[in-house]
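Peer 1: Quick one, what's the 3D model for this:
(chains A and B)
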2 protein chains.
Amino acid sequence: MQIIEVHTKSRPSTVYCGEGAYARAEEFLRDKDTFIVTDTNVYRLYGEKLRADFPSARICVVKAGERHKNKATLFQILDEMLQAQLHRNSVVAAVGGGVVGDMAGFAASVYMRGTRLVQIPTTLLSQVDSSVGGKTAIDYGGVKNVLGAFYQPEYVFCDPVFLQTLPPREIKCGWGEIIKTGVLDAKIGDRILENASRLYDLQFMKEIVADCIRFKANVVEQDETEKSGVRKCLNLGHTTGHALELKYGRRSHGEYVLIGMWLESVIAEREGVCTAEYAARVRELIALAQKRIPAFADARSVVKYALLDKKNSEKGIVDMILPKARGEYAEYRLSAEKYAQYLTLLQERQA
Amino acid sequence: MQIIEVHTKSRPSTVYCGEGAYARAEEFLRDKDTFIVTDTNVYRLYGEKLRADFPSARICVVKAGERHKNKATLFQILDEMLQAQLHRNSVVAAVGGGVVGDMAGFAASVYMRGTRLVQIPTTLLSQVDSSVGGKTAIDYGGVKNVLGAFYQPEYVFCDPVFLQTLPPREIKCGWGEIIKTGVLDAKIGDRILENASRLYDLQFMKEIVADCIRFKANVVEQDETEKSGVRKCLNLGHTTGHALELKYGRRSHGEYVLIGMWLESVIAEREGVCTAEYAARVRELIALAQKRIPAFADARSVVKYALLDKKNSEKGIVDMILPKARGEYAEYRLSAEKYAQYLTLLQERQA
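Peer 2: The predicted model follows:
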């Protein structure tokens, strides 16, 4: 098991990563007033185990799925927290994927202006990405993650035991963010390419999870609240990915990120931000998890979702992060019109 | 005009206090994408002025009154922020009393995980207390301020120009928090007693506002998020005050704080936390603004609201801050039963 410290300004966070992490969670929560938030999928698989391991905890079960990451579910959690008469010293434990972690984290941040929070991520995506760094949110008014808070968990317990029960769709979703990290960090990128045949191998997943967390911790320590710009790099592929997700919403978040990175690698190449060779390497990484870029009817129209993105700083302009060179990225801005032209590339199935 | 810096860990905050503060706000907001939040009362008095002074700002007008400090109003503000397509660099300007400041501040803290925020408090209460220190919140599920965030405004512009149009009820409300500060800080207490005849004198209000802000800034710098306990002192009178406010809700917040402090001074005396002489001084200060403590039918039953208070750390126990000696306070805990007995003292009108 590895222990990774995240030294953020607001509150330090400790990540336990590897076999035994769940046992650490049990130990930590044993004597606490604990409120578990999980979803119907996780509860079906692990509900009995959770009841047995945390007999005095209250368990709040929300509907599974990205489309329930909304105001109604947030207030379901808050209502149950109030009914349970949680106080500031109570601990909210998010047991689930990114959606559960984002909503439970947001609820913990606003309840009495902040209760204690730990994350027990159960998906590959939430282990490598969303459980670390303190971003919490819900979708609202047709905009992804538009309401939320930066709120660091005291602990993150990433145990590979949960990865064993993940369906392939969820593993692929996680690879979306892992490959994004591989584009941002040259060593991680090399490692993924060297182990191309082991993407669904539990041992390799365990190793790469720790690498990705270490990379993310370093970024978050430099720019916890996305003010200096360093943290913006984590949005690679997300401008297009989020916009597609809002419009189509059938595939997983990670898959949309992969498709978003694919388009953004083309934009980077055509706009002269990166070389054709480097764009090819990015697409080689993407192809490991996403062999084929599907066609999206009317993809051009997703520009309107991209214009609502939080990263934008000027009206009519879409801000995005583009790959530049090994381990380098660029902040880039395109007019809505030009971006819409690029989006038409997604209207045809790619080779 | 005085300039008071609040050096909080999350973000420094600058308070301009005195004549000319509003002109500074105009100057600061001139070139910003500005979103003003105000209420129907303030808009009736100052709407035209705001439209003239901030011609490009959007103005969101919420219903005036403590009972609208709720989820519906919070989401009205957020919906209008989304419609206005605010980005993270936009500035939310709260122009109003404590209710407007608390809700606009909370909305600013969660919108895109934080937009810029300035406070332009227009009531005595919000100038001396709520606009400084970053506490934001709404009431929910029958609990005061139970959902919120610690979120520092970049600037607070406290201009006495607004105090001229305040009705006496609002001035008295402000005195509730000023007198609380006078109990916590011996010098401010002395100053209030020396100027007992000048409570409704604009010149004296101006002076005491700056003193109170300086006191609060110092407390908030030591304990921004109410973790170490120092900031808890600001809750003097609020355990009982909030509980009465939740049950009866007709008087102003400040008046309930005065009544709460009165009861808590009796508790402090009878529990041996302070001397009879010191309790008499506290009641002398209270009597300057609240000559007579009214009778509350069934006051004993407000114990159930006090048991939901955020400050409590154990079930069945009510945590409160009691006056101890000149400039000293004590954290004190009473069983619900014992506290209910004390509450019966409020069932009869006091001499």
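Peer 1: where's A:Val220, which helix or strand?
Peer 2: helix A:202-222 (DSSP states H and E).
Peer 1: Next to chain B, which bits of chain A? Give me the list.
Peer 2: A:9-10, A:71, A:75, A:78-79, A:82, A:85, A:87-89, A:109-114, A:135, A:137, A:140-141, A:143, A:145-150, A:225-226, A:308, A:310, A:312-315 (Cβ under 8 Å from any Cβ of the partner chain). C-beta coordinates here come from the backbone N, C-alpha and C atoms, glycine included.
Peer 1: which ones among those residues are found in strands?
Peer 2: Using DSSP state E, A:Lys135, A:Ala137, A:Tyr140, A:Val143, A:Asn145, A:Val146, A:Leu147, A:Gly148, A:Ala149, A:Phe150 are the members of the residues of chain A next to chain B that sit in strands.
Peer 1: Including neighbour count and pLDDT, could those go into TSV?
Peer 2: Formatted as TSV, those follow (neighbours: other Cβ atoms under 10 Å in any protein chain shown; pLDDT from 0 to 100):
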residue	neighbour count	pLDDT
A:Lys135	26	96
A:Ala137	24	98
A:Tyr140	21	96
A:Val143	18	89
A:Asn145	20	93
A:Val146	21	95
A:Leu147	26	98
A:Gly148	27	98
A:Ala149	22	98
A:Phe150	23	97
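Peer 1: measure A:Glu277 to B:Asn312 for me?
Peer 2: Relative to B:Asn312, A:Glu277 is positioned 63 Å away (Cβ to Cβ, to the nearest Å).
Peer 1: Counting neighbours, go ahead and name the busier of the two.
Peer 2: B:Asn312 (21 against 9; other Cβ atoms under 10 Å in any protein chain shown).
Peer 1: Quick one: residues contacting the more buried one.
Peer 2: A:His87, B:Val318, B:Asp319 (Cβ atoms under 8 Å, 6 or more residues apart in numbering or on different chains).
Peer 1: Check which residues of stretch A:266-281 are buried.
Peer 2: For stretch A:266-281, the buried set under the neighbour-count rule, 16 or more other Cβ atoms under 10 Å in any protein chain shown, comprises A:Val266, A:Ile267, A:Ala268, A:Glu269, A:Val273, A:Cys274, A:Tyr278, A:Ala279, A:Arg281.
Peer 1: Please list the residues outside that stretch that contact it.
Peer 2: A:189, A:265, A:282, A:320, A:322-326, A:330, A:332, A:334, A:342, A:345.
Peer 1: repeat that with 7 Å
Peer 2: Contacts with stretch A:266-281, where a contact means Cβ atoms under 7 Å, 6 or more residues apart in numbering or on different chains, come from A:Ser265, A:Leu322, A:Pro323, A:Lys324, A:Ala325, A:Ala330, A:Tyr332, A:Tyr342, A:Leu345.
Peer 1: Between these, which sits nearest B:Phe54?
Peer 2: Checking the contacts of stretch A:266-281 against B:Phe54 by Cβ to Cβ gives A:Tyr332 as the nearest, at 33.0 Å.
Peer 1: and the closest one, how many neighbours does it have?
Peer 2: With other Cβ under 10 Å as criterion, A:Tyr332 counts 17.
Peer 1: Can you read off the pLDDT for it?
Peer 2: pLDDT for A:Tyr332: 96.
Peer 1: Please tell me how far it sits from chain B.
Peer 2: 17 Å (Cβ to the nearest Cβ, to the nearest Å).
Peer 1: would that residue count as being in a helix?
Peer 2: No. Under DSSP: H, G, I helix; E, B strand; the rest coil, A:Tyr332 falls outside any helix and is assigned strand.
Peer 1: Excluding chain neighbours, what is closest to the most centrally placed residue in chain A?
Peer 2: Taking Cα atoms, centre = their mean, the centroid of chain A lies closest to A:Ser130, which sits 3.7 Å from it. Setting aside the residues directly before and after it, A:Ser130 is nearest to A:Gly98 in space (Cβ to Cβ, 6 or more residues apart in numbering or on different chains), at 3.8 Å.
Peer 1: Mind pulling up the pLDDT for that neighbour?
Peer 2: You'll see A:Gly98 listed with a pLDDT of 95.
Peer 1: check contacts around it.
Peer 2: Taking Cβ under 7 Å, 6+ apart, one finds A:Thr123, A:Leu125, A:Ser126, A:Ser130, A:His253 in contact with A:Gly98.
Peer 1: From A:Gly176, how far off is it?
Peer 2: From A:Gly98 to A:Gly176 the distance is 11 Å (Cβ to Cβ).
Peer 1: joint contacts of those two?
Peer 2: In contact with both A:Gly98 and A:Gly176: A:His253, using Cβ under 7 Å, 6+ apart.
Peer 1: For A:Phe106, what is the enclosing helix or strand?
Peer 2: helix A:98-110.
Peer 1: Leaving out the residues flanking it, which one is nearest to A:Glu80?
Peer 2: A:Glu80 sits nearest to A:Cys60 (Cβ to Cβ, 6+ apart), 4.5 Å away.
Peer 1: Count the residues that sit near the one you found.
Peer 2: Counted with other Cβ under 10 Å, the neighbours of A:Cys60 add up to 24.
Peer 1: Surely it is within a strand?
Peer 2: Yes. Under three-state DSSP, A:Cys60 sits within a strand.
Peer 1: Would you map the helices across the stretch 151-300 of chain A?
Peer 2: A:168-184, A:186-194, A:202-222, A:238-247, A:253-270, A:276-289 (DSSP state H, counting those that start in this stretch).
Peer 1: Which elements pack onto the third one?
Peer 2: In this case it means helix A:202-222. Under the contact criterion of 3 or more Cβ pairs under 7 Å, 6 or more residues apart in numbering or on different chains; DSSP states H and E, helix A:202-222 touches strand A:2-6, strand A:13-17, helix A:168-184, helix A:186-194.
Peer 1: With the shortest one instead?
Peer 2: In terms of contacts (3+ Cβ pairs under 7 Å, 6+ apart), helix A:186-194 is packed against helix A:168-184, helix A:202-222, helix A:276-289.
Peer 1: I'm done for today, thanks for sticking with me.
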